[in-house]
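Undergrad: Everything below, folded, please.
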Amino acid sequence: MVPAAPTNFMVIRSEDRTSALLMWDTITMSPAVTSYNVHKSPVNNGLLFASEQTVSHVAGITKQCTAVESLDPDIVYNFKVRAINPDGTGDFSNEDADF
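TA: You can find the predicted model right below:
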């Protein structure tokens, strides 16, 4: 069975807006989640740009978090995360913008 979407996903942007801390709850299941993919998309006037980038591949642990560096301080980004296990890739979490 593929993993469910991660829950309690949130983004905290640094004060200088050049990095962000992303956090979510771990998914407990069998087969176990082996990693998470974090995606970012820049937002322009409330609209997502066509490009979406995978910015991090994080090994699964009990409580997940990762930092995303080298962000443009003048751009708002939407982030989302999904879990992967041997059966496949799960759905994305809710999106969270870093206003």
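Undergrad: Please identify the helix or strand for residue 24.
TA: Per DSSP states H and E: residue 24 is located in strand 20-25.
Undergrad: Lowest-scoring secondary structure element of the chain by mean pLDDT?
TA: When the helices and strands of the chain are compared on mean pLDDT, DSSP states H and E, strand 47-48 comes out lowest with a mean of 56.
Undergrad: coming back round to it: could you list every helix and strand that the strand holding residue 24 packs against?
TA: When contacts are defined as 3 or more CB pairs under 8 Å, 6 or more residues apart in numbering; DSSP states H and E, strand 20-25 packs onto strand 10-13, strand 63-68, strand 76-85. No exception for glycine: its C-beta is placed from N, CA and C like everyone else's.
Undergrad: is it possible to export these to JSON lines including distance to residue 91?
TA: JSON lines is the format used below for those (distance: least, CB to CB, whole Å):
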{"stretch": "strand 10-13", "distance to residue 91": "18"}
{"stretch": "strand 63-68", "distance to residue 91": "16"}
{"stretch": "strand 76-85", "distance to residue 91": "6"}
